[in-house]
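Asker: Okay, predicted coordinates and the sequence, questions at the end:
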Amino acid sequence: MKVLVPVKRVVDYNVKIRVKPDGSGVELANVKMSMNPFDEIAVEEALRLKEAGKATEVVVVSVGPAQAAETIRTGLAMGGDRGILVKTDQPTEPLAVAKILAKIVEEEKPGLVVMGKQAIDDDCNQTGQMLAALLGWPQGTFASKVAPGGESVEVTREVDGGLQTVSLKLPAVVTTDLRLNEPRYASLPNIMKAKKKPIDEKSAADLGVDLTPRLEVLKTTEPPKRQAGAKVGSVAELVAKLKSEAGVI
Amino acid sequence: MATLLLADHHEDHLGDATAKALTAARALGAPVHVLIAGKAPRGAADAAAKLEGVEKVLLVNGESYGHGLAEPFAELILGLMGSYDALVASSSTTGKNILPRVAAKLDVMQISDITKVEGPDTFERPIYAGNALQTVKSKDPKKIITVRTASFAPTGDGGSATVEEISAAADPALSSFVGEDLTKSDRPELGSAKVVVSGGRALGSAEKFKEVIEPLADAFGAAIGASRAAVDAGYAPNDQQVGQTGKIVAPELYVALGISGAIQHLAGMKDSKVIVAINKDEDAPIFQVADYGLVADLFTAAPELQAELAKAK
Ligand SMILES: Cc1cc2nc3c(=O)[nH]c(=O)nc-3n(C[C@H](O)[C@H](O)[C@H](O)COP(=O)(O)OP(=O)(O)OC[C@H]3O[C@@H](n4cnc5c(N)ncnc54)[C@H](O)[C@@H]3O)c2cc1C
Ligand SMILES: Nc1ncnc2c1ncn2[C@@H]1O[C@H](COP(=O)(O)O)[C@@H](O)[C@H]1O
């Protein structure tokens, strides 16, 4: 079984982002970019399936600018076999990404797509569900455990009340949650090896997908700033203030 | 045309998320119909019918809807969307699971986790863990929207909608329910509690988390929350994680013990009315958002706080 892992290049999770003063967006120039953390978890899971003999090949795919090739390289350095870059300089909305990924799936015919539940830049949490819908496949979102059998895969999901386990007919789409695994670091020899692994390049136009955004961004603003309050000297003072000043107890 | 609101309910109990998502749904300006599908959900349908501004409740009693599986739900909703201009649900794990599936089939870009309705096609939503707010205008013919319930007040009772039973759609039979392990608790629900007491990595073990956080939460009548680090380490169950990728809460009072205040955690609680932080590091970032900060060892401060609360009441 081939496993396809879509990965997104996003602002590193440690960066404190800045909104542009003119409200046109978020400052992306000279900002550290990394693989979306949930996608690292997805790559790791695919590699573990391969190491367990349940997957044969791990293909890492990204939709984005030329630099997204670096993000794919990160996945190859972790142990992915080859990459596909769908190059575009336009901002990509989940619906368009899902359409592109559906085309890649048609070409590659993976048995399983493992991807992040959420990109930490747009916080959309939709691409995996959309891809599953377009393919007519089942979906196992917010996975904390993935156990493929012959014809199906059991997925344990992190849901509001706790955990839920579902069984999905293969092929299927799985989206990762934080507790699925702890991604490995790429070793230096593997980083070197990854430089020689192939990355196939395509364009959205080659695939016949229209990327025109459906959402027009009217403005981007800073959220209202919360004022830091005061330090209190003791627990007794804290309780007195919560009672008389804040009125919450 | 009308707006379809997918309700949050557990069997015949209607969750409070529905009344909050309804506030957003009504702001779109069209009549609102509520969809309730599940195993024996009659009680939930009757409760929804009483909410102010609901015109009609669609009730589907079907085994395949008992566990919120996305595939049969999407099929059911797609069959109804011919009569609706908009589909709304709360950003619960169920809403987040089902709605994008419907959106893709309708060739519509979903607007996720809105915090404000500025017009029938214009919405505000947070990006980058709430460090920026985006105002977006949808050009799609139908609107598919999930709602951050912490940003909307609940709609009250006052309606008397009709409840119409409709039939189930064919189950695509792609997925099936295997089992669940739900956290049982008599405490208030994290998403709607007036007070939340949260613990972080500093608690050090599941035993300590229980020993320190639980009685303090009881003293406040609070729900329990946790940081990702505490959940990852197994001190608290996953459904207690507060943050960018956990639950978003906005209680009257949020008490953070031994939590550093990473942006991903702040994303889930910085809209709380009053924030209290107890941390032994006076430079912990959590103090930058706290109304009341106490620099102390939580293992001595928590029991003291509990005792002071007992005196104050
Ligand atoms: C993709 C992604 C998503 C994430 N999503 C979330 C999320 O949804 N929610 C979330 O919370 N995090 C999330 N995180 C993790 C986040 O970045 C932090 O790692 C996490 O919040 C840290 O948890 P903590 O504050 O408990 O631990 P730490 O950062 O280790 O802080 C522990 C604090 O306890 C204090 N302390 C230690 N001992 C004591 C004592 N005896 N008394 C008092 N204080 C003490 C320390 O001074 C320190 O400030 C996410 C990260 C990533 C990459
Ligand atoms: N441009 C992209 N290229 C590759 N994968 C993507 C892209 N955008 C989103 N994804 C995948 O979809 C997941 C969810 O993204 P989102 O729906 O935007 O929150 C991510 O974790 C990725 O796995």
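Answerer: Cool, the structure landed. Ligands and ions are numbered 1, 2, ... in the order given.

Asker: Could you report the pLDDT at whichever residue of the stretch 201-313 of chain B sits closest to ligand 2?
Answerer: With CB to the nearest ligand atom, the shortest gap between the stretch 201-313 of chain B and ligand 2 falls at residue B:245, namely 10.3 Å. Any C-beta I mention is one placed from the backbone N, CA and C, and that applies to glycine too. On pLDDT, residue B:245 comes in at 92.

Asker: what about it, helix or strand, and which?
Answerer: In this structure, residue B:245 sits in neither a helix nor a strand according to DSSP states H and E.

Asker: What of residue B:104?
Answerer: Residue B:104 belongs to helix B:93-105 when elements are defined using DSSP H and E.

Asker: would you say residue B:126 is within a strand?
Answerer: Yes - assessed with DSSP: H, G, I helix; E, B strand; the rest coil, residue B:126 lies in a strand.

Asker: Can you report how many residues lie near it?
Answerer: Counted with other CB atoms under 10 Å in any protein chain shown, the neighbours of residue B:126 add up to 22.

Asker: Contact partners for it?
Answerer: Residues in contact with residue B:126 (CB atoms under 8 Å, 6 or more residues apart in numbering or on different chains) are A:123, A:223, B:113, B:115, B:132, B:133, B:134, B:148, B:267.

Asker: Identify the residues contacting the third one.
Answerer: When the contact criterion is CB under 8 Å, 6+ apart, the partners of residue B:113 are A:123, A:125, B:91, B:125, B:126, B:146, B:147, B:148.

Asker: With the last one instead?
Answerer: When contacts are counted by CB under 8 Å, 6+ apart, residue B:267 is found next to B:126, B:129, B:130, B:131, B:243, B:244, B:248.

Asker: Equivalent analysis for the fifth one, please.
Answerer: Applying CB under 8 Å, 6+ apart, we find residue B:132 in contact with A:17, A:19, A:26, A:220, A:221, A:222, A:223, B:126.

Asker: Quick check: the first one vs residue A:27, distance?
Answerer: Which is residue A:17. 7 Å (CB to CB, to the nearest Å).

Asker: neighbour count winner among those two?
Answerer: residue A:17 (17 against 14).

Asker: Just the mean pLDDT for stretch A:225-243, thanks.
Answerer: 94.

Asker: Flag every residue of chain A that's near ligand 1.
Answerer: Within chain A, the positions near ligand 1 by CB under 6 Å from any ligand atom are A:13, A:37, A:120.

Asker: Let's have these in CSV, adding secondary structure.
Answerer: Formatted as CSV, these follow (three-state DSSP):
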residue, secondary structure
A:13, coil
A:37, helix
A:120, coil
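
Asker: most neighbours, which of those?
Answerer: Taking other CB under 10 Å as the neighbour criterion, residue A:120 ranks highest of the residues of chain A next to ligand 1 with 23 neighbours.

Asker: so that one makes contact with residue A:13?
Answerer: Yes - in this structure, residue A:120 is within contact of residue A:13 by CB atoms under 8 Å, at 5.7 Å.

Asker: list the residues that contact both of these two?
Answerer: The contact sets of residue A:120 and residue A:13 overlap at residue A:37 (CB under 8 Å, 6+ apart).

Asker: Within reach of ligand 2, which of the contacts of residue B:113 are there?
Answerer: Within those, those near ligand 2 by CB under 6 Å from any ligand atom are residue A:125.

Asker: In CSV, list the contacts of residue B:113 along with secondary structure.
Answerer: Output for those, formatted as CSV (three-state DSSP):
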residue, secondary structure
A:123, coil
A:125, coil
B:91, coil
B:125, strand
B:126, strand
B:146, strand
B:147, strand
B:148, coil
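
Asker: Closest one to residue A:212 out of the contacts of residue B:113, please.
Answerer: residue B:125 (19.9 Å; CB to CB).
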